[in-house]
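A.B. asks: what shape does this take:
(2 chains)
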Amino acid sequence: MSTIHLIDQQLVDATGLGDESEVVVRYFTLFNLGKYEQVARLFSPDGKLYPPFESPIVGPESIESYLIKEADGMTVSLLSAEIQSDAESCLQIDVRGKVTALVFKVNVTWRFILTSDNKIESVRVDLVATLEELLKLRPEEDVQATVECSHA
Amino acid sequence: MTFTTSNFAVQSVSSFSPVASVLAAFKRLSSNEKLGVLWFTYKAMGNGSVTPAATGAARMQFAEGLLAQVKALDSGKQMLFMQDLVNCRKTPMTTAYGTLTNNTKLAFWYQLAVLMSNGDVIGVPSSYALSSSAQDVYNRIVALEFGQQITLLRQTVVNMGYDSFA
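C.D. replies: Predicted coordinates for the structure are as follows:
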């Protein structure tokens, strides 16, 4: 099945993300279109979605089911993105923005870890009260994320 | 599009998480205590971290219809509807709620709280005081991080109403 190579230019403009992180822009573009099957196919076979304070959702099939159930009706607008490291052959990209859930908005941060072949190894989604709050990982998962990165 | 019956829903909240333990305590409250805790939590979150967004999404049409039905009830029946909702009692209106998607359920409660604030739906009287067990749950909720609070509210409202497919 073919994948739509579709980019929302507004998302690119907001974040300044370039070709090396195109998969991140595709993630949000497809997410906003509700194309959750295609969002899920951006993940590596053992790719993980860490929703806020829930167990990780592992693998494209589970991620697709999860998004159909939990993300339907959400749209994302992005504010900024920062490439945190490109060492150890994997890329970490921190993104800040807002999620509109039908009738209200909340501030959200995403931390993407990409594989060397441009798949999403993991994305960690956190809700923050204010965007002034620094991006921070939940401590118990910090170590895990580092291990994932060095193995990519 | 495939709908798999994977078990992520059952294990979606880690059993060791603070959200899960507060959720368990919340579930043990009476329906009026639950409504009181939800109300005070909503009030406590009105600090700019959750902001209203323009509606009009087609997905809101069923929720809007249900909200209009609630508004049309007298205040006693509005109260009864909310109690039925938190108790998962089967009525035509709680069954309608049960067909909403997860995000629409959360949106429904957000709009309901707005209607309660402006008096279109019976609110919690200003003289209302939480029982000690409800106060304890409320204290634990406000002590959570913002993201945990939203997750808790979400987990709470998706399980309300009557799900005819459950």
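A.B. asks: for residue 100, which three-state class applies?
C.D. replies: This is for chain A. Recorded secondary structure, A:T100: strand (DSSP: H, G, I helix; E, B strand; the rest coil).
A.B. asks: ok, now which ones touch it?
C.D. replies: Counting by Cβ atoms under 8 Å, 6 or more residues apart in numbering or on different chains, A:T100 makes contact with A:74-77, B:53. C-betas here are computed from N, CA, C, even on glycine.
A.B. asks: isn't B:A113 right next to B:Y42, touching?
C.D. replies: Yes - between B:A113 and B:Y42 there is a contact at 4.5 Å, judged by Cβ atoms under 8 Å.
A.B. asks: so, low pLDDT: which residues of chain B?
C.D. replies: B:1-16, B:46-47, B:55-56, B:166 (pLDDT under 70).
A.B. asks: what about 90?
C.D. replies: Low-confidence segments of chain B (pLDDT under 90): B:1-18, B:42-60, B:123-128, B:145-147, B:163-166.
A.B. asks: okay, buried residues for whatever helix or strand B:L23 lives in please.
C.D. replies: Here B:L23 is covered by helix B:18-27, with elements defined by DSSP states H and E. Going by neighbour count (16 or more other Cβ atoms under 10 Å in any protein chain shown), the buried part of helix B:18-27 is B:18-20, B:22-23, B:25-26.
A.B. asks: what about the residue nearest to the spatial centre of chain A, which SS state?
C.D. replies: For chain A, A:V123 is the residue whose C-alpha lies nearest the centre (Cα atoms, centre = their mean; 4.5 Å). Under three-state DSSP, A:V123 falls in the strand class.
A.B. asks: show me where chain B has helices.
C.D. replies: Taking DSSP state H, the helices of chain B run over residues B:18-27, B:31-44, B:61-72, B:75-87, B:92-98, B:102-117, B:132-142, B:146-158.
A.B. asks: show me how far the fifth one is from its chain's centre.
C.D. replies: Read it as helix B:92-98. The chain centroid and the centroid of helix B:92-98 are separated by 14 Å under Cα atoms, centre = their mean, to the nearest Å.
A.B. asks: ok, the first one next?
C.D. replies: Its chain's average C-alpha position is 14 Å from that of helix B:18-27, according to Cα atoms, centre = their mean.
A.B. asks: just the angle for that helix relative to helix B:31-44, thanks.
C.D. replies: Angle, helix B:18-27 to helix B:31-44, by axes from the mean of the first three to the mean of the last three Cα atoms, to 10 degrees: 140 degrees.
A.B. asks: just confirm yes or no for helix B:18-27 near chain A.
C.D. replies: Yes - Helix B:18-27 lies within reach of chain A by Cβ under 8 Å from any Cβ of the partner chain, at B:V19.
A.B. asks: do the same with the longest one
C.D. replies: Yes - applying Cβ under 8 Å from any Cβ, one finds helix B:102-117 in contact with chain A at B:102-104, B:106-107, B:110-111.
A.B. asks: equivalent analysis for the last one, please.
C.D. replies: Yes - between helix B:146-158 and chain A, judged by Cβ under 8 Å from any Cβ, the touching residues are B:146-148, B:150-151.
A.B. asks: just the CA atoms of that helix, as PDB, please.
C.D. replies: Extracted in PDB, the C-alpha atoms of helix B:146-158 (Å, rounded to 0.1, in the frame of the first residue of the first chain):
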ATOM      1  CA  PHE B 146      -1.300  18.600  35.400                       C
ATOM      2  CA  GLY B 147      -0.900  15.700  32.900                       C
ATOM      3  CA  GLN B 148      -1.900  13.200  35.500                       C
ATOM      4  CA  GLN B 149      -5.000  15.200  36.300                       C
ATOM      5  CA  ILE B 150      -6.100  15.300  32.700                       C
ATOM      6  CA  THR B 151      -5.400  11.500  32.400                       C
ATOM      7  CA  LEU B 152      -7.400  10.800  35.500                       C
ATOM      8  CA  LEU B 153     -10.400  12.900  34.300                       C
ATOM      9  CA  ARG B 154     -10.200  11.200  30.900                       C
ATOM     10  CA  GLN B 155     -10.100   7.700  32.500                       C
ATOM     11  CA  THR B 156     -13.100   8.700  34.700                       C
ATOM     12  CA  VAL B 157     -15.400  10.000  32.000                       C
ATOM     13  CA  VAL B 158     -14.700   7.400  29.400                       C
END
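A.B. asks: so which elements touch that helix?
C.D. replies: When contacts are defined as 3 or more Cβ pairs under 8 Å, 6 or more residues apart in numbering or on different chains; DSSP states H and E, helix B:146-158 packs onto strand A:120-128, helix B:18-27, helix B:31-44, helix B:102-117, helix B:132-142.
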